[in-house]
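Novice: my questions are about this predicted structure, shown below with the sequence.
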Amino acid sequence: MFRRLFVSALVPVVAMSVLAGAGEASAAPAWSPCQEGKPGECATVQVPVDWNNPSGEKVGVAIGRLKATEPEHRIGVLFVAPGGPGGSGIDLFVLGDNKLTTGELRKRFDIVTWDQRGVGRSNEVRCSAEILSRRPGDYPANEQQYRNLVAYNAELGADCRKHTGPLFDHLDTTNVVRDLDAVRGALGEEKISLFGSSYGSQVAQQYAESFPARLRAVTIGSNLDHSITSPGHYLATATADLEASFNAFADWCARTANCPLHGQDVRARWDALHAKAEAGTLTDPDNGQALSAEGLRGELLGAMFTPSSRWYAFATRLRSLAAGTKTGAAATSGTTAAEELGANSYQAIWCEDWKWRVDGYRELRALREQAAALAPHTKLSPFWNDVATCLGWPAEVTNPQHRLSISNAPKILIMTSAADVAAPHAWNVAVSQQISNSVLLTYDGVGHGQYTLSSCARAHVDRYLTDLVTPAPGTHCAAEYPTAPPMTAQRSLI
């Protein structure tokens, strides 16, 4: 990516014709610097837009690589599947700073990642910024709002298809998995090690289903359970872990003397703020505008991802909201009035993987009521949008939910948190039950992405990926919560 303009091919094209997942030769990557002044290389691999028509139109998938810093001890390629869907692997793992690419694994592996099809440098899903700006922000409160939501999704999807092109209808994870195997073939690697967290866990799961013989080792954390077909179960489990995460935060404040809310009843403080937001009387002191209950819950969700970098700031924010004093945090928007198109990768990819059956507004309202019954403080996870944004979406669900069927793959190390707002503990347990040759490692704290959250989990992953030694079944890692405000926030979650 930067140090040289070109790097010689790793293996001849002749050998790659045997290794490529599509059964055809894949050209060796022509590596060049991604960004001047930083280590790492970028290249593009051409893959079919439609893998059912491999000789048809092609799309370029951008890949990035950090070569092993101890090549004499190199084990092979560690492929890192980014989260999202919609996260740029190149931005996070090649150009960014994170624990995975600055630790022990960097010494022994060429770390390879990508911007998957429809993301970033790989024909990003683009849609009208004006239509994106009209996205409904609140859970539908009546029949008309429900109908408006469905109609909006249909309008937006048609617009995204127009601006994105043929790739729009071929974004599901099955296609992503085929792309990954094509990249493996282009690199000339008979086998790869694979790391996936969050949405990246689903990519890794499905790769293990389709290409188990191509795997040396697999680690998956904060897992999505792609077997969930009930929207009620999806919302209930997501909301339950939001409630559990909030309760852990409140307990942390109670025992941490320098928490900005120490000595106060955090649950009562939150409940009062939430009630004001629901009544439309909560004002954000940073901008003087009303802060909705959806907005407040969204801030809570974000804070629960990474306690070490966000809990002090969130406690300060709640204190400021209650007192009506400014925190200095300025809100930013994803697009500006001058932009004609905006990115919408998450929705476009997600809605080709998940088929949700919701029988109208009454059922959607009932789903909310069921979730709220489980969560007296937090009421509803903002991830209700994972269901609602797909209602009326015009693309076909080409990779619908299914139980995993993995055989002849190496032992898979699965990591979970005790509570995870974006990949609930229950999902990870379900995934471990679907993969017979797996070991479940539990981090007893709160958060998303155990490799970042836990030094103990990090040590187990490093040992497994280098030496192929998994922790004993039932292993737990102790919670690690902050004791002082962070100097800088972490850039990535893995």
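Specialist: It's in. Residues are numbered from 1 along each chain as shown.

Novice: and the helix ranked longest in the chain, how far out from the chain middle?
Specialist: Scanning the chain for the helix with the most residues, using DSSP state H, yields helix 231-255. Offset of helix 231-255 from its chain centre (Cα atoms, centre = their mean, to the nearest Å): 18 Å.

Novice: that helix: which residues count as buried?
Specialist: For helix 231-255, the buried set under the neighbour-count rule, 16 or more other Cβ atoms under 10 Å, comprises 231-232, 234-250, 252-253. For the C-beta atoms, the positions are set from N, CA and C on the backbone; glycine is no exception.

Novice: do the same with stretch 266-273
Specialist: For stretch 266-273, the buried set under the neighbour-count rule, 16+ other Cβ under 10 Å, comprises 266-267, 269-270, 273.

Novice: contacts made by it with the rest, please.
Specialist: For stretch 266-273, contacts defined as Cβ atoms under 8 Å, 6 or more residues apart in numbering pick out 246-247, 249-250, 253-254, 261, 282, 296, 300, 315, 318, 321-322, 377.

Novice: that stretch: how far from the chain's middle?
Specialist: In terms of Cα atoms, centre = their mean, the centre of stretch 266-273 is found 29 Å from the chain centre.

Novice: then stretch 228-243?
Specialist: 17 Å.

Novice: ok, stretch 472-482 next?
Specialist: The chain centroid and the centroid of stretch 472-482 are separated by 22 Å under Cα atoms, centre = their mean.

Novice: ok, now stretch 366-380?
Specialist: Relative to the centre of its chain, stretch 366-380 is centred 24 Å away, using Cα atoms, centre = their mean.

Novice: which of the residues in that stretch are buried?
Specialist: Of the residues in stretch 366-380, those buried (16+ other Cβ under 10 Å) are 367-368, 371-372, 374-375, 377-380.

Novice: just the ones of the buried residues of stretch 266-273 in strands?
Specialist: Here DSSP state E is the test, and the buried residues of stretch 266-273 give no hits in strands at all.

Novice: which neighbouring elements make contact with whatever helix or strand Ala322 lives in?
Specialist: If you go by DSSP states H and E, Ala322 is part of helix 307-323. Contact analysis of helix 307-323 by 3 or more Cβ pairs under 8 Å, 6 or more residues apart in numbering; DSSP states H and E lists helix 231-255, helix 266-279, helix 293-303 as its packing neighbours.

Novice: ok, back up a step: sort out which one of the buried residues of stretch 366-380 lies nearest Asp462 for me.
Specialist: Thr378 (34.4 Å; Cβ to Cβ).

Novice: can you name the residues that contact the closest one?
Specialist: 239, 242-243, 246, 297, 300.

Novice: equivalent analysis for Ser417, please.
Specialist: Taking Cβ under 8 Å, 6+ apart as the criterion, Ser417 is in contact with 222, 425, 442-443, 445-448, 450, 453.

Novice: pLDDT score for it?
Specialist: At Ser417 the predicted local distance difference test score is 98.

Novice: what is the subsequent helix or strand relative to the helix or strand hosting it?
Specialist: Following DSSP H and E, one finds Ser417 within strand 412-419. Moving toward the C-terminus from strand 412-419, the first helix or strand encountered (DSSP H and E) is helix 425-434.

Novice: neighbouring contacts of the helix or strand following that following helix?
Specialist: Reading on from helix 425-434 to the C-terminus, the next helix or strand found by DSSP H and E is strand 438-446. Contacts made with strand 438-446 from outside it, assessed by Cβ under 8 Å, 6+ apart, are listed as 244-245, 248-249, 304, 307, 411-420, 428-429, 432, 450, 453-454, 456-457, 460, 470-481.

Novice: which is the next helix or strand following the least confident helix or strand in the chain by mean pLDDT?
Specialist: Within the chain, judged by mean pLDDT, DSSP states H and E, the helix or strand with the poorest mean is helix 13-19; its value is a mean of 30. Tracing the chain C-terminally past helix 13-19 and defining elements by DSSP H and E, one meets strand 32-33 next.

Novice: now for that next one, which elements pack on it?
Specialist: Counting by 3+ Cβ pairs under 8 Å, 6+ apart, the packing neighbours recorded for strand 32-33 are strand 41-48.

Novice: quick one: strands adjacent to the helix or strand following the strand it packs on?
Specialist: Scanning forward in sequence from strand 41-48 by DSSP H and E, the next helix or strand is strand 58-66. In the sheet, strand 58-66 lines up against strand 41-48 (antiparallel), strand 109-115 (antiparallel) (DSSP bridges).

Novice: in stretch 70-80, what's buried?
Specialist: 75-80.

Novice: just how off-centre is stretch 97-106 within its chain?
Specialist: In this view, stretch 97-106 has its centroid 18 Å away from the chain centroid, taken as Cα atoms, centre = their mean.

Novice: pLDDT score for Lys326?
Specialist: What the model reports for Lys326 is a pLDDT of 86.

Novice: for it, give me its contacts.
Specialist: 285-286, 320.

Novice: low-confidence ranges in the stretch 201-350 of the chain?
Specialist: 328-338 (pLDDT under 70).

Novice: which residues touch Pro48?
Specialist: Applying Cβ under 8 Å, 6+ apart, one finds that Pro48 lies in contact with 22, 54-59.

Novice: pipe the residues you listed into CSV and attach pLDDT and neighbour count per row.
Specialist: Formatted as CSV, these follow (pLDDT from 0 to 100; neighbours: other Cβ atoms under 10 Å):
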residue, pLDDT, neighbour count
Ala22, 45, 16
Pro54, 95, 15
Ser55, 94, 8
Gly56, 96, 11
Glu57, 97, 12
Lys58, 97, 12
Val59, 97, 21
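
Novice: assign Thr219 to helix, strand or coil.
Specialist: Using DSSP: H, G, I helix; E, B strand; the rest coil, the secondary structure recorded for Thr219 is strand.

Novice: beta partners of it?
Specialist: With DSSP bridges applied, the residues forming beta bridges to Thr219 are Phe195, Leu413.

Novice: residues in contact with it?
Specialist: 194-196, 412-413, 415, 461, 464-465.

Novice: ok, now how distant is Phe93 from Thr470?
Specialist: Distance from Phe93 to Thr470, counting by Cβ to Cβ, to the nearest Å: 23 Å.

Novice: okay, the two: which has more neighbours?
Specialist: Under the neighbour definition other Cβ atoms under 10 Å, Phe93 and Thr470 were set side by side, and Phe93 has more, 28 against 21.

Novice: correct me if wrong: that one contacts Asp110.
Specialist: No. Phe93 sits out of contact with Asp110 when judged by Cβ atoms under 8 Å, with a separation of 12.0 Å.

Novice: overlap in contacts of those two?
Specialist: Leu66.

Novice: still on that earlier bit, need the contacts of Pro48 in CSV with distance to His226, can you?
Specialist: As requested, those are arranged in CSV below (distance: Cβ to Cβ, whole Å):
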residue, distance to His226
Ala22, 23
Pro54, 25
Ser55, 30
Gly56, 27
Glu57, 28
Lys58, 27
Val59, 24
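
Novice: what comes up buried for stretch 390-398?
Specialist: Judged by neighbour count (16+ other Cβ under 10 Å), stretch 390-398 contains these buried residues: 390-395, 398.

Novice: I'd like the average pLDDT over that stretch.
Specialist: Stretch 390-398 shows a mean pLDDT of 98 in the predicted model.
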